[in-house]
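with the sequence up front, the predicted model follows.
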Amino acid sequence: MRESIEAYLLIAPSLFGFVAFLLLPIIGVFVLSLFSWDLIGDPHFVGLANYRTLAGDHGAWNALDNTLYYVLLNIPAQTVLALLLAIALNRKLRGGKVFRVLFVLPWMAMPVALGIVWTWVFDPRNGVVNHLLALVGVAGPNWLTDKGWAMPVIASVNVWQYTGYTMLFLLAGLQAIPQTIYEAAEVDGVTGVQRFFRITLPLLRPSMLFVLVTNVIGSFQVFDTVYVMTQGGPGDSTTTMNFYIYQQAFQLFHAGYASALSIVLFVLILLVTACQFLYFRKRTVYDFS
Amino acid sequence: MLRRSLAAAVTCGMIALTAACGSASSSTASGPVTLNYMIWDAGQKPAYQKSINQFEATHPDIKVNIEVVAWAQYWSKLQTSAAGGDMPDLFWDHLSYLPQLAKRGIVSDLSAKIAADKVDTSVYDPKLLSQWTSGSTVYGLPKDWDSIATVYRSDALKAAAVTAAQLGASNWNTTDGGSFVALLQKLTVDTKGKHPNEAGFDASHVKQYGIALEAPNGQQDWWDFGVQNGCKLQEKAYGTWTVNSPACVAAIKFEQDLMYKWHVAAPGTVTNTPNAAQLPQILAQGTAAITFDGDWDLTSFYAGLPKGGWGATTLPSGPVGSGTVYNGLTDAIYAHTKHPAQAWELEKWLASSTSEKIVADAGTVWPGIPSLTGGFADAWKQKGVDVSAFETETKGTTMGYPLTTTGSAFNTVVLKDLNQVWLNQMAPQAAADDVTRTANAAAGSGN
């Protein structure tokens, strides 16, 4: 009894934070999604009307499409790159620690500031990318105002920013794999490629699960890079769910509808995350002993 | 990233808590009242600060805190502040948003106070005052006005043997472009020194464009071509949008043609909001020889271009004649301010001839009181710039801001669609149709 009181006291601060700043707002957003509200006047109850609007809203479906496209561009590239970096840095190489810091630096920088810098880099007239392409005789495209290029550019900026951070977790995971397993494998005559696919990758799954779950959630919620680099354009080719929610709430002042969109995004992320857990649950070993 | 958002949530919560504490303590404290005054142009702050210093000296019981929020965030900030009950007591108001704010009861009606204090409203330009008056309701006293004129780089004109007077007297039409396009062809050069009307001109390697045009809604570009072409954005004040009428579509098409048919205007890749440089920067970088801009940017041109190296002249005339967009701002008093009496004192001061003279004489903005306009012109004459073109424009045909309760829907869809027109990704007619349909639909939905 006393023990459980102590335990509750110990988790109280974080529980308070969770309830006050996550649970209550989520409930608040859900309630708001049943209302029509312009942020100033009185909200009035509309039932599920916002959700019905959503079903026929071309803009919302387009934003969903764009978000999925962004996730598909972002996650595989980021994960594979981070894994390769982690394996490289796991070797004892000179200056390894310096590289570790270097790779994590982008993650520590302000996304908005990075967005502005990358906008300059990709500027079609004065940017360094097109300048370099011109040196080898290639006329670079108008990166951020081209419907085909804008989203890949945004995704590449985010890959660049978060790969180092992802790499850190995978590196920690790699270092947790006992050397003895590799030694035993060597005795059994396992080759390099087999070592990677039969030992390293399976034993890296706890880190992989964490990295994928958090990165996929983050990717579904992409906003700041879009806001700074394209404002969802050209047209609505880079309007992601979160940017669309922002537009609805704070440019068009449809707070109720924006809440309904948020709930849909929340449920979608929940489903994707649940699938990831289900996939990894049966395939993950946490105990290496 | 999850952890990051958690941290953000906690920080926001902490800010909210401290903010709540802050406002609680200030309301119980006695002594001077602090008014928050929100504006969107940092360039105008020094002049207003100077005026407010005088106000504070004569009103020791009132302190004024000027808060600058950039235009891009200003209206979102205002709306969320209203939702959170944390509004500035006084704020710059714009006709593009006034009807929405008025409809929601955010802006005070000043008519009773004007009558009680016998404020003489006949000193203001009636054209400006009437825009801020609805029946017997007055939403603000005109603090300034603005119009659009041509701003040019002298060295670029000289190199092309074009004079400012020629530009000001030029005409455009939709068939051969007119003398305006002919002048712009002289001002446009590619990296090999060829002009767009010469054989071998390379449109993808332009060193200097004749003109750069940019505006988030159209005020400094296609609205002006529009008024010169007889385009009306709406059938009447608070009426339906008519952006897809032939006169408006032709104006949009003409601007697109300047970019992609005549190759004399910088394309959207160079100019589109939000990522492109501002017009004064585009001129300062030498990307374009001339631009259309409002007088509120004069200070930026002065800062970015060499002294005596630039000037202003009137806009060209179109098929229907000359014309410009004529607009002005007021200060709005938040309807639920805790300090209505003090806020009114500040409103009265800022709209007084003493304060408007301070701001005009600093060359910051044209005053809402016509008798003071000379002060603004003189301030610029002393800096070597003749700004009379802006005033000349207002004597001719002018177009005011459309009055509508669907301003935010219109502004959002215009930015999205017209940006595509300037990128040559959308036809003017299709953009105009979409803008008209979307903005009119917003009226139907009550937002």
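Looks like it arrived, so ask away.

so what's the residue count around residue 133?
In the absence of a named chain, chain A is used. Residue A:133 sits with 14 neighbouring residues when counted by other C-beta atoms under 10 Å in any protein chain shown. No exception for glycine: its C-beta is placed from N, CA and C like everyone else's.

sorry, should have said chain B
16.

can you pull the contacts of the nearest residue to it once chain neighbours are set aside?
Leaving aside its chain neighbours, residue B:133 sits nearest to residue B:139 (7.4 Å; criterion: C-beta to C-beta, 6 or more residues apart in numbering or on different chains). The contact partners of residue B:139, taken as C-beta atoms under 8 Å, 6 or more residues apart in numbering or on different chains, are B:93, B:98, B:102, B:107, B:108, B:109, B:110, B:132, B:133, B:330, B:332.

from residue B:37, how far off is the closest residue to chain A within the stretch 251-400 of chain B?
Of all residues in the stretch 251-400 of chain B, the one sitting closest to chain A is residue B:269 (4.5 Å; C-beta to the nearest C-beta). Applying C-beta to C-beta, to the nearest Å, the value for residue B:269 to residue B:37 is 38 Å.

ok, the nearest residue to the residue of the stretch 251-400 of chain B closest to chain A once chain neighbours are set aside - contacts?
Excluding its sequence neighbours, the residue lying closest to residue B:269 (C-beta to C-beta, 6+ apart) is residue A:142, at 4.5 Å. Counting by C-beta under 8 Å, 6+ apart, residue A:142 makes contact with A:124, A:149, B:269, B:423.

which residues touch the helix or strand hosting residue B:259?
If you go by DSSP states H and E, residue B:259 is part of helix B:246-260. Contact partners of helix B:246-260, identified using C-beta under 8 Å, 6+ apart, comprise B:172, B:174, B:177, B:181, B:184, B:211, B:213, B:221-222, B:225-226, B:228-233, B:242, B:264-268, B:318, B:320, B:418, B:421-422, B:424, B:428-429, B:431-432.

point out the residues in the stretch 151-289 of chain A that sit beside chain B.
Counting by C-beta under 8 Å from any C-beta of the partner chain, the residues of the stretch 151-289 of chain A lying close to chain B are A:162, A:214-215, A:217-218, A:221, A:229-236, A:247, A:250-255.

of these, which belong to helices?
A:162, A:214, A:215, A:217, A:218, A:229, A:255 (DSSP state H).

out of those residues, which is nearest to chain B?
Set against chain B, the nearest of these by C-beta to the nearest C-beta is residue A:218 (3.1 Å).

the closest one: neighbour count?
Neighbour number of residue A:218 under other C-beta under 10 Å is 21.

quick check on the contacts of helix B:246-260: which are buried?
Buried members of these, counted by 16 or more other C-beta atoms under 10 Å in any protein chain shown: B:172, B:177, B:181, B:184, B:211, B:213, B:221-222, B:225-226, B:228-233, B:242, B:264-268, B:318, B:418, B:421-422, B:428, B:431-432.

in helices only, show me the contacts of helix B:246-260.
Filtering these for helices - DSSP H - leaves B:181, B:184, B:222, B:225-226, B:268, B:418, B:421-422, B:428-429, B:431-432.

re the thing from before, take the contacts of residue A:142 and write them to TSV, including pLDDT and distance to residue A:99.
Below are the contacts of residue A:142 laid out as TSV (pLDDT from 0 to 100; distance: C-beta to C-beta, whole Å):
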residue	pLDDT	distance to residue A:99
A:124	85	33
A:149	94	30
B:269	90	37
B:423	95	40
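
so, low pLDDT: which residues of the stretch 201-350 of chain B?
B:274-275 (pLDDT under 70).

so which of the contacts of residue B:139 are in strands?
Here DSSP state E is the test, and the contacts of residue B:139 give B:93, B:133, B:330, B:332 as lying in strands.

please name the nearest non-neighbouring residue to residue B:60.
Closest to residue B:60 by C-beta to C-beta, 6+ apart is residue B:32, at 7.0 Å.

now residue B:117: how far from chain A?
Taking C-beta to the nearest C-beta, to the nearest Å as the measure, residue B:117 falls 29 Å from chain A.

what's near enough to touch that residue?
Residue B:117 makes contact with residue B:348, according to C-beta under 8 Å, 6+ apart.

per-residue confidence at it?
On the pLDDT scale, residue B:117 is placed at 93.

what is the burial count for residue 201?
All of this refers to chain A. Neighbourhood size, residue A:201 [other C-beta under 10 Å]: 12.

sorry, should have said chain B
A total of 18 residues lie near residue B:201 under the criterion other C-beta under 10 Å.

which one is it nearest to, not counting chain neighbours?
Per C-beta to C-beta, 6+ apart, closest to residue B:201 is residue B:194, 4.4 Å.

quick revisit: which one of the ones in helices among the residues of the stretch 151-289 of chain A next to chain B sits closest to residue A:273?
residue A:217 (6.6 Å; C-beta to C-beta).

so the closest one makes contact with residue A:271?
No. With contact defined as C-beta atoms under 8 Å, residue A:217 does not count as touching residue A:271 (11.8 Å).

this completes my enquiry, with thanks.
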